[in-house]
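Visitor: everything below, folded, please.
(one chain, ligands or ions: 3)
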Amino acid sequence: MILTVDVGNTRIKAAVFEGNMLLENFVFTKNELKKNIENILKKYKNTTHLVVASVGNVEKESFLGFNDELIVHFVTHNDPFPFFNEYETPQTLGIDRMVLAAGATLQFPNQNRLVIDAGTCVTYDFIDQDDTYRGGAISPGLRLRYESLHKYTSKLPLLELESPKHFVGASTSQSIHSGVVNALVYEIDGFIDEYRGLSSNFIIILTGGDTEFLAKRLKNTIFANSNFLIESLNQTFQYKINND
Ligand SMILES: Nc1ncnc2c1ncn2[C@@H]1O[C@H](COP(=O)(O)OP(=O)(O)OP(=O)(O)O)[C@@H](O)[C@H]1O
Ligand SMILES: CC(C)(CO)[C@@H](O)C(=O)NCCC(=O)O
Ligand SMILES: [K+]
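Guide: Residues are numbered from 1 along each chain as shown. Ligands and ions are numbered 1, 2, ... in the order given. Take a look at the predicted model:
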């Protein structure tokens, strides 16, 4: 069994895999990291490997305590990945984006892929049908948009994510919900249209903490899977084992 851990910018997500099968998901914060991993390992005693991808400020050292019982692997830019990387600054490309690109390449062969990860940030990653990673885009995520409206103005309240009742926001809160939610939905649909304009034969994958909320609001047909990153992490590790 493999325990995969995705250290995001806001929260940590973990999952236990038996081969390609996801057995259970976990979500926790940085402060609860050690305790949670210990509990997972108590429950899944057959875990042999711990695989970590981190874009948050949790370093490799935090996992060294598990080195005695498990093989610990921290994913880095030096691992083998199943795509050619054309990013001009490959060393600054987020590890999460590399893992998503690996998952898309392995799961959807011979087609153009656009991976959209709607988390703290929204990232767009384009891997073409020749398995070349071409780049993409980074924009603020849903919660970040609500928070920045509040933080950088005097009058705007901090609101929780809510579905806008009307397109025309008729109050301060309705204007904020309309602005934040509709703008991101238009953004995502706009990016998808733009990519599909480049070529046909495009698979669009949506993942991240806001997957479910956003998927049903898009006009485009997409493949929505909030576990895509954690599943891709498992596959990236299998790929490393087979290609090292
Ligand atoms: N308990 C929660 N805490 C934070 N965000 C949540 C929570 N539940 C749902 N969300 C939504 O998920 C989004 C954050 O996504 P996610 O959890 O994937 O981010 P993350 O942990 O920072 O990962 P990443 O850095 O990979 O984006 C927010 O925009 C928010 O609307
Ligand atoms: C964009 C984020 C924050 C998304 O999690 C992460 O992928 C990251 O820190 N990236 C580094 C910059 C880049 O990908 O070019
Ligand atoms: K993200």
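Visitor: helices of this structure, residue ranges please.
Guide: 33-43, 95-107, 142-151, 172-177, 183-198, 211-215, 228-243 (DSSP state H).
Visitor: how's this protein carved up into domains?
Guide: 2-74, 84-233 (automatic domain parsing).
Visitor: Serialize these to CSV and add fields for mean pLDDT, distance to Y239 and mean neighbour count.
Guide: Yep, even glycine has a C-beta here, placed from its N, CA and C like the rest. Formatted as CSV, these follow (pLDDT from 0 to 100; distance: least, Cβ to Cβ, whole Å; neighbours: other Cβ atoms under 10 Å):
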stretch, mean pLDDT, distance to Y239, mean neighbour count
domain 2-74, 94, 11, 16
domain 84-233, 97, 7, 17
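Visitor: so which of these is nearest N243?
Guide: For those, proximity to N243 was assessed by Cβ to Cβ; domain 84-233 is nearest, at 11.1 Å.
Visitor: and that closest one, how far out from the chain middle?
Guide: In terms of Cα atoms, centre = their mean, to the nearest Å, the centre of domain 84-233 is set 9 Å apart from its chain centre.
Visitor: that one close to ligand 2?
Guide: Yes. Applying Cβ under 6 Å from any ligand atom, one finds domain 84-233 in contact with ligand 2 at 92-94, 96-97, 121, 123, 138.
Visitor: on that earlier part again, select, out of the helices of the chain, the one closest to ligand 1.
Guide: Nearest to ligand 1, of all the helices of the chain, is helix 142-151, at 3.4 Å by Cβ to the nearest ligand atom.
Visitor: for that closest one, name the packing helices and strands.
Guide: Using 3 or more Cβ pairs under 8 Å, 6 or more residues apart in numbering; DSSP states H and E, the elements in contact with helix 142-151 are helix 183-198.
Visitor: quick one: closest of the domains of the chain to ligand 3.
Guide: domain 84-233 (3.1 Å; Cβ to the ion).
Visitor: gap between the two ends of the closest one?
Guide: Domain 84-233 has an end-to-end distance of 18 Å (Cα to Cα, to the nearest Å).
Visitor: what of stretch 165-176?
Guide: Stretch 165-176 end-to-end distance (Cα to Cα) = 11 Å.
Visitor: list the contacts of it.
Guide: Contact with stretch 165-176 is made by 146, 149, 155-157, 159, 164, 177-179, 182, as judged by Cβ atoms under 8 Å, 6 or more residues apart in numbering.
Visitor: kindly recompute the last result at 7 Å.
Guide: 149, 156, 159, 164, 177-179, 182 (Cβ atoms under 7 Å, 6 or more residues apart in numbering).
Visitor: before we move on, back to that, now for the residues of domain 84-233 next to ligand 2: which two are most distant?
Guide: The distance between the two most remote of the residues of domain 84-233 next to ligand 2 (Cβ to Cβ) is 14.2 Å, for T92 and C121.
Visitor: show the backbone phi and psi for the closest residue to L41 other than its chain neighbours.
Guide: Nearest residue to L41, sequence neighbours excluded (Cβ to Cβ, 6 or more residues apart in numbering): T47, at 5.6 Å. Note on T47: its backbone torsions stand at phi -70, psi 130 [degrees, to the nearest 10].
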